[in-house]
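> Here's a sequence, model it:
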Amino acid sequence: MSTSNEIFDPEKSPNNMAANPMRRQSRQQMNQQFQHQRQQLPLHAHLEPEDVGPFHMDQMDVGMNTTFRTTAPMPNPGPFGLCAFALTAFCMGFYNLRAGINTNSPANALTGTTLFYGGLGQVIAGLLEFRNGSTFGGTTFCSYGIYWISYSTLLIPSFGVTAAYADYPDDYATTVGIYSLAWTIFTFLMWTLTWRSNLASSLVFFCLGMTYLLGTVSTLAHLEPGNIVQRASGGVGIITSCIGWYCAMADLSNSQNSYYTLPLGQLGRR
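Reported below is the predicted structural model:
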């Protein structure tokens, strides 16, 4: 223990960043790495400065040395949510396209997919996105997950929704059309928030908005099932699902698990 009576000067302390060029340089390098990684993030990813590197790091300064406590990084729920969205949209797209399906055939066979994978799956992904700090990812996944759950209630006889309108088919079509119109507006609003993210994500929301729009027109116009507008909605829905799968694969693929990576087409800086 030192017995010197020298007065402690904080400016000369090794813990002072200005007095310690090694610490200042290390912090600058971490900030540069953070800015670089944040620019490369996919749509639903989230990064904070302490997340730089393969682990989350809690930094504690001890003299001139720096120690780190590392914990496993939070997984990215985006690919799971995108896969749940894409598969459900793919199945519903083929149903609306009436590919090999009778024009008057009900969609009840899709109830399991819409309720559990497209519905519950996306809600779970959205809650995890909120947990990771991604407000946009959490809002979109939870919203579309709840959409599929609510849509499933129209297909489940025990809810009695369709039966209640048995004598009022036009009113039923109008009500469902207004519901679809609301989701059309919501989707195009979300689309405007992707203009500075990447091309793939922007295309997903644009094509999804067109899918809702065509479905809305078909329903509000009281056209017969299997009409050309509904078939067009199904075709665009299939395209939407394929782009969604592409985004999921772009998030999943890396140098550790594949021989390729997929570009998303950066549109602007965050």
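> in this protein, what spans have low per-residue confidence?
1-72, 269-270 (pLDDT under 70).
> And the helices in it?
With helices called from DSSP state H, the chain shows them at 21-39, 78-97, 111-112, 122-131, 135-155, 161-164, 169-192, 199-220, 228-252.
> Report the buried residues of the fifth one.
The neighbour-count criterion (16 or more other CB atoms under 10 Å) identifies 136-145, 147-149, 151-152, 154-155 as the buried residues of helix 135-155. Where C-beta positions appear, they are placed from N, C-alpha and C, glycine not excepted.
> ok, now the longest one?
Across helix 228-252, burial judged by 16+ other CB under 10 Å covers 229-241, 243-252.
> circling back to that earlier point, output the helices of the chain in a markdown table; the columns should cover distance to G265.
Output for the helices of the chain, formatted as a markdown table (distance: least, CB to CB, whole Å):
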| stretch | distance to G265 |
| --- | --- |
| helix 21-39 | 14 |
| helix 78-97 | 16 |
| helix 111-112 | 34 |
| helix 122-131 | 22 |
| helix 135-155 | 18 |
| helix 161-164 | 41 |
| helix 169-192 | 15 |
| helix 199-220 | 3 |
| helix 228-252 | 10 |
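> Show me how this structure divides into domains.
10-71, 78-252 (automatic domain parsing).
> Make CSV from those domains and add distance to L264 to it.
As requested, the domains of the chain are exported to CSV (distance: least, CB to CB, whole Å):
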stretch, distance to L264
domain 10-71, 6
domain 78-252, 4
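> Of the ones you listed, which stretch is the most buried?
Mean neighbour count (mean count of other CB atoms under 10 Å) peaks for domain 78-252 among those, with a mean of 18.
> So for that domain, first residue to last residue, what's the gap.
In domain 78-252, first residue to last residue: 9 Å (CA to CA, to the nearest Å).
> From here on, call the first residue 43.
New numbering, starting at 43: the last item is domain 120-294.
> ok now that domain, how far from the chain's centre?
14 Å (CA atoms, centre = their mean, to the nearest Å).
> Not counting residues beside it along the chain, what's closest to C249?
T282 (4.0 Å; CB to CB, 6 or more residues apart in numbering).
> wait, doesn't that neighbour sit right on G251?
No. With contacts counted by CB atoms under 8 Å, T282 stays clear of G251, the gap being 9.2 Å.
> For G202, give its distance to S192.
15 Å (CB to CB, to the nearest Å).
> Can you say which of the helices of the chain is nearest to L309?
helix 241-262 (5.9 Å; CB to CB).
> what angle do that closest one and helix 211-234 make?
When axes from the mean of the first three to the mean of the last three CA atoms, to 10 degrees is applied, the directions of helix 241-262 and helix 211-234 differ by 160 degrees.
> Can you tell me what sits against helix 241-262?
With CB atoms under 8 Å, 6 or more residues apart in numbering as the test, helix 241-262 has contacts from 84-85, 131, 135, 138, 215-216, 218-220, 222-223, 225-226, 229-230, 232-233, 236-237, 269, 271-272, 274-275, 278-279, 281-282, 285-286, 288-289, 292, 306-309.
> Sounds good, over and out.
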